[in-house]
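S.K.: Fold the stuff below for me.
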Amino acid sequence: MQRRNRQQSKNQQQSLTRILASALIGLGAFLLAGVGPVGAVQSDEHLVQSTGASEDKVRVVELNGLLDPVMYDFLIKELDRAEQEEILAVVLLINSNGSILDDERFVDLATRLRDSPLFIAMWVGPTGSAALGGTAELLVTADLIGVPQGSWIGDIGTPRLSQEEFPASFEGYERLLDFRVRDEEAVDLGISAGPLNNISTLRPFLSYIDGFEVQSTAEGTQSITATEFVTLPLSAQLFHTVASPEVAYLFLILGLGILIFELYTAGVGVAGVIGVFLLVLGSYGIAALPARNWAVALILAAFVAIAVDIQTNIPRFYSIVGVVFFTVGSWFLYEGLRMSIVTTGFGIIGILLYVYTGMPSMVRTRFSTPTIGRRWMIGSQAIASTDVNPEGTVEVDGTPWRALTNRATPIKAGDPVVVVGISRLLLEIAPVEGGAKDYRQRS
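M.R.: Numbering: from 1, shown residues only. Prediction:
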């Protein structure tokens, strides 16, 4: 029986590690999906096709997600390359909710864009995209701006660029500081090229660039000027994605949760490797983001508190403390950034299930005798780990179990008891002397 139990526990662990490994592979595929190598020419019905019919070339550089150190290095590198090649223009394809760059790097990037000998254009697209916060502030360095229908810009907040050194070439800059400006208003304020139907997709927007040539054919308008699309390389894309608030948070808590799980299994397996991998990536993302140190400390303390109660197999005081710490730490984790309610809710609900369902079941499966055929426990002696009045915890052969006794016969911690019955996951117990006797086995 014990050999079968050990094999059953081993099979359950192997199944879980396979699930975790599959999840990690799927996550990696998600992170890398749709990402092409730097310099790759992409074609899309909403974008411009490159014909290579002209010596001039426009390079479209994607700025997607937060403007972080990874994206900063990528943009500086592409500006250097474009200036060396003396191409016609650089177009930033923007969909970003802000910048997490320090002031020095932010001003340096703005200076490079402002002083570049190339024509710098910025298109906030495709439809539904945004340029907010620090990314919106960079618009003052552009020679041409496009805000297509359904997109918006603004919420700069306190500006980091001096108006004397970086004067805005358009009206309405003050409105961008505290408000979001949508497509039509951006055209009316002279921020965006217009009318909107002329910049609804990238192709007509590029035609506003001096020297960009198109021709009309029976199939429609086609570009003569070559257009090249570049995105972050795969390795940089991974770290850029990890440095997003939601991904960094989820990686951090998943890594911590898996490592605690691994502490209560025999040996180091795939789960431990995955946990370390996620924890390292999550820590990188948290370090790159404006995270509050005390909030990160609360999340770490939450898992320590949870681990204390896991040892007893019963969620008690420390589990409550851990859940409270985790909730507060999750809610106030970032300064100046806000995770979506869905992500925060996923984390909080997940930790509740982890504490009150997942880990107790795993520990019981790992260290206790099987729940199948537990009636052999009736008549077994145990020791009360806590006061049982009417509920508490007892140890049967060194394994903790939740227990229930008659209110008329409370039991003190350390007293010997006998198991007289089983009700689901609760053991019904009585004192060894002077307690109830079990007559259910009599023939």
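S.K.: residues in contact with the residue lying closest to Tyr173 once chain neighbours are set aside?
M.R.: Nearest residue to Tyr173, sequence neighbours excluded (C-beta to C-beta, 6 or more residues apart in numbering): Val140, at 7.0 Å. Heads up, the C-betas are built off the backbone N, CA and C, glycines and all. The neighbours of Val140, taking C-beta atoms under 8 Å, 6 or more residues apart in numbering as the test, are 110, 161, 166-169, 173.
S.K.: Could you tell me which of these belong to helices?
M.R.: 110, 173 (DSSP state H).
S.K.: Please list only the buried members of the contacts of Val140.
M.R.: Applying 16 or more other C-beta atoms under 10 Å to the contacts of Val140, the neighbour count classes 110, 161, 166, 168, 173 as buried.
S.K.: and the gap between the spatially most central residue of the chain and Thr111?
M.R.: The residue lying closest to the centre of the chain (C-alpha atoms, centre = their mean) is Val247, at 1.5 Å. As judged by C-beta to C-beta, to the nearest Å, Val247 and Thr111 stand 30 Å apart.
S.K.: got any ranges where this protein has weak pLDDT?
M.R.: Residue ranges of the chain with pLDDT under 70: 1-55, 215-223, 264-269, 311-315, 358-376, 424-425, 434-443.
S.K.: ok, which stretches of the stretch 251-400 of the chain are strands?
M.R.: Here the stretch 251-400 of the chain has its strands, by DSSP state E, counting those that start in this stretch, at 381-384, 391-396, 399-404.
S.K.: So for Gly350, which of these sits nearest?
M.R.: Among the strands of the stretch 251-400 of the chain, strand 399-404 comes nearest to Gly350, with 23.4 Å by C-beta to C-beta.
S.K.: From the contact counts, what lies against whichever helix or strand comes after the closest one?
M.R.: The helix or strand immediately downstream of strand 399-404 is strand 416-423, counting by DSSP states H and E. Strand 416-423 sits against strand 381-384, strand 426-431, with contacts defined as 3 or more C-beta pairs under 8 Å, 6 or more residues apart in numbering; DSSP states H and E.
S.K.: what's the straight distance from one end of stretch 143-161 to the other?
M.R.: 17 Å (C-alpha to C-alpha, to the nearest Å).
S.K.: Quick one: distance of that stretch to the chain centre.
M.R.: From the chain centre to the centre of stretch 143-161 is a distance of 25 Å (C-alpha atoms, centre = their mean, to the nearest Å).
S.K.: Just the buried positions in that stretch, please.
M.R.: Quick answer for stretch 143-161 (16+ other C-beta under 10 Å): 143-148, 150-157, 160-161.
S.K.: wouldn't Thr201 be in contact with Pro148 here?
M.R.: Yes - between Thr201 and Pro148 there is a contact under C-beta atoms under 8 Å: 7.3 Å.
S.K.: What are the structural domain limits within the chain?
M.R.: 57-232, 244-367, 374-431 (automatic domain parsing).
S.K.: mind putting the buried ones among the contacts of Val140 in a markdown table, distance to Ala288 included?
M.R.: Formatted as a markdown table, these follow (distance: C-beta to C-beta, whole Å):
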| residue | distance to Ala288 |
| --- | --- |
| Ala110 | 20 |
| Leu161 | 22 |
| Phe166 | 25 |
| Ala168 | 29 |
| Tyr173 | 29 |
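S.K.: For Phe332, state which of those is nearest.
M.R.: Closest to Phe332, out of all of the buried ones among the contacts of Val140 and judged by C-beta to C-beta, is Leu161, at 28.8 Å.
S.K.: Now do the same contact list for that closest one.
M.R.: Counting by C-beta under 8 Å, 6+ apart, Leu161 has contacts 106-107, 110, 137, 140.
S.K.: which of those residues lies closest to Ala291?
M.R.: For the contacts of Leu161, the nearest to Ala291 is Phe106 (18.5 Å; C-beta to C-beta).
S.K.: which ones are touching the closest residue to the closest one other than its chain neighbours?
M.R.: Leaving out its chain neighbours, the residue that sits closest to Phe106 by C-beta to C-beta, 6+ apart is Arg160, at 5.6 Å. Shown in contact with Arg160 (C-beta under 8 Å, 6+ apart): 103, 106-107, 134, 137.
S.K.: and what of Asp143?
M.R.: Neighbours of Asp143 in contact, by C-beta under 8 Å, 6+ apart: 119-121.
S.K.: how near is Ile199 to Leu254?
M.R.: Distance from Ile199 to Leu254, by C-beta to C-beta: 41 Å.
S.K.: Right, I'll leave it there.
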